[in-house]
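A.B. asks: Quick one, fold the following:
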Amino acid sequence: MALQFKNGLFKIMQIADVQEGSKVSPDTLNLINAAIDKECPDLVVFSGDQIWGKSSFKGNKETVERVLREITSPVSSRGIPFSICFGNHDRQVGVSNKEQLEIYKKIDGFIGEDTPDIDGCANHVIEIAEGDEIKYLLYLIDSHTSLTIGYDHVHENQIEWYKRTRDEYEAKKGTVIPSVVIQHIPVPEVMELLLEVKKSVKGSVQGFRNHAGKWYVLNKERVNEVGFMKESPADPMENGSEFTAMTEKGDVKGIYFGHDHNNSFNGKVNGVDVGYTQGAGFHVYGPGLDRGVRIINLHSDGELNTYDLRYRDLVGTKVKERLRYAILQLMPTNFYDAVNRGLKIIAAIIGIVAAILLINYLLK
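C.D. replies: Residues are numbered from 1 along each chain as shown. This is a model prediction of the structure:
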């Protein structure tokens, strides 16, 4: 059964990278509750990395179920439909994504499913209608997990599934149906919204893996005014041509993802709105009080608009777990960041020691 537009509007809330362990942060729940109360979404999508941590869960299904129920309780308790896609960390708890999907199915309001015979788990499409007419499609796609080095991409048989599904709907209606895609890991084309700059440029972030040795800032002429980027995109190591397929017929209006917690921006690439949603979780690294969620407003005429909501505006400037929050703000976001910070610390220590030795020498 299709979900329904209300007065020509359908509101999706995307919640990215909650990434909780066996104890859920009260600040994460405060953010989600406040965002739902403000926006009253018609559908909530948790876009991957809902949970993580081998040592925290130890493969215990009961613990996984308890935490998933707690994370989704702000949604299920209000009777709001919700769905999910998986990220690169979910399966690391020792309970497979397919087993987790069965847990989700037991939670009130969950409408997700799996599409057999294609790679990944919980690939599915949700119909959004006005009366009896389907006006929008929402594709939720498994973007897989880490390779030996870097990240995987959406696989060929998933892309073929999308194209086949798109074409079947087109054949029934006589025209393509406007669509939105939500997944965890970004498409490589998000890099088109950035500018390569010198390291010395204020606010620039260091690229890594495919973009090692380069520095980037947002192209302010192409992204939303309040967007921010505090870490380099961790896009797939190979371009699997997902984005190319999704621009073939003009049906896809927006592609949204999470994965890199410190980024929130969106802009047009080949006519498609491409956007990052910042992390929502307070038990993992993130953009301080700018942790938040994304609202995607679908209009029955095929248009859409989107914006984020941030903790500082919804809840305020105080958190309940202040010490943990402060520590997580110092965490590096990736190996390259960790090495860079380590080198800076070593250089600072050497400088201090050299200064002390010099002072002692001069005082002799």
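
A.B. asks: Straight-line length of stretch 68-87, end to end?
C.D. replies: 14 Å (Cα to Cα, to the nearest Å).

A.B. asks: Distance of the residue nearest to the spatial centre of the chain relative to Glu160?
C.D. replies: When Cα atoms, centre = their mean is applied to the chain, the residue found nearest the centroid is Gly258 (1.4 Å). Here Gly258 is placed at a distance of 25 Å from Glu160 (Cβ to Cβ, to the nearest Å). Any C-beta I mention is one placed from the backbone N, CA and C, and that applies to glycine too.

A.B. asks: residues contacting the residue nearest to the centre of the chain?
C.D. replies: Residues near Gly258 by Cβ atoms under 8 Å, 6 or more residues apart in numbering: 14, 16-17, 47-49, 87, 184, 276-279.

A.B. asks: Could you list which of the residues you listed belong to strands?
C.D. replies: Of these, the ones assigned to strands by DSSP state E are 14, 276.

A.B. asks: And stretch 160-167, how far out from the chain middle?
C.D. replies: 23 Å (Cα atoms, centre = their mean, to the nearest Å).

A.B. asks: neighbouring contacts of it?
C.D. replies: Outside stretch 160-167, the residues that touch it by Cβ under 8 Å, 6+ apart are 115, 118, 123, 125, 137, 139, 141, 176-177, 179, 245-246, 248-249, 251.

A.B. asks: Tell me the buried residues in that stretch?
C.D. replies: Residues of stretch 160-167 classed as buried: 161-162, 165-166 (neighbour count, 16 or more other Cβ atoms under 10 Å).

A.B. asks: Convert the C-alpha atoms of stretch 276-286 to CSV, please.
C.D. replies: Provided in CSV are the C-alpha atoms of stretch 276-286 (Å, rounded to 0.1, in the frame of the first residue of the first chain):
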residue,chain,number,x,y,z
TYR,A,276,25.1,15.0,2.5
THR,A,277,23.3,14.6,5.8
GLN,A,278,25.4,15.1,8.9
GLY,A,279,25.6,12.5,11.7
ALA,A,280,22.9,12.5,14.4
GLY,A,281,24.7,10.3,17.0
PHE,A,282,26.4,11.7,20.1
HIS,A,283,28.3,8.6,20.9
VAL,A,284,30.5,8.9,17.9
TYR,A,285,32.5,11.8,16.3
GLY,A,286,30.4,14.5,14.7
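
A.B. asks: For the stretch 201-350 of the chain, just list every one of the strands.
C.D. replies: Under the criterion DSSP state E, counting those that start in this stretch, the stretch 201-350 of the chain carries strands at the ranges 205-206, 215-218, 228-229, 252-257, 263-269, 272-276, 292-299, 304-310.

A.B. asks: In CSV, list those strands along with mean pLDDT and distance to Leu29.
C.D. replies: Below are these laid out as CSV (pLDDT from 0 to 100; distance: least, Cβ to Cβ, whole Å):
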stretch, mean pLDDT, distance to Leu29
strand 205-206, 95, 30
strand 215-218, 98, 30
strand 228-229, 98, 24
strand 252-257, 98, 22
strand 263-269, 98, 20
strand 272-276, 98, 23
strand 292-299, 98, 13
strand 304-310, 98, 15
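
A.B. asks: among those strands, which is nearest Leu362?
C.D. replies: Leu362 sits nearest to strand 205-206 of all the strands of the stretch 201-350 of the chain, at 37.8 Å, using Cβ to Cβ.

A.B. asks: Can you give me the buried ones in stretch 185-195?
C.D. replies: Here stretch 185-195 shows 185-191, 193-194 as buried, counting by 16+ other Cβ under 10 Å.

A.B. asks: ok, now which ones touch Asn60?
C.D. replies: Counting by Cβ under 8 Å, 6+ apart, Asn60 has contacts 94-95.

A.B. asks: got a pLDDT number for it?
C.D. replies: At Asn60, the pLDDT value in this model is 94.

A.B. asks: can you check Ile12 too?
C.D. replies: At Ile12, pLDDT is 98.

A.B. asks: Name the residues linked to it by a beta bridge.
C.D. replies: Leu43, Ile296 (DSSP bridges).

A.B. asks: That one: what's it in contact with?
C.D. replies: Residues in contact with Ile12 (Cβ under 8 Å, 6+ apart) are 41-45, 138, 180, 182, 295-298.

A.B. asks: And the helices in this protein?
C.D. replies: Shown for the chain, the helices assigned by DSSP state H span residues 26-39, 54-57, 61-76, 97-104, 156-173, 242-246, 311-314, 322-328, 335-363.

A.B. asks: of all those helices, which lies closest to Ala234?
C.D. replies: So among these, helix 335-363 is nearest, using Cβ to Cβ, at 10.4 Å.

A.B. asks: could you give the mean pLDDT of the closest one?
C.D. replies: On average, helix 335-363 scores 66.

A.B. asks: Got the confidence number for Ile327?
C.D. replies: Looking at Ile327, its pLDDT reads 89.

A.B. asks: number of nearby residues for it?
C.D. replies: 11 (other Cβ atoms under 10 Å).

A.B. asks: from the buried residues of stretch 160-167, which two are the most distant?
C.D. replies: Largest separation among these by Cβ to Cβ: Trp161 and Arg166, giving 9.5 Å.

A.B. asks: from what I can see Glu170 touches Val176, true?
C.D. replies: Yes - counting by Cβ atoms under 8 Å, Val176 is a contact partner of Glu170 at 4.8 Å.

A.B. asks: So if I had to pick from those two, which one is more boxed in?
C.D. replies: Using other Cβ under 10 Å as the criterion, Glu170 and Val176 rank with Val176 on top: 17 against 14.
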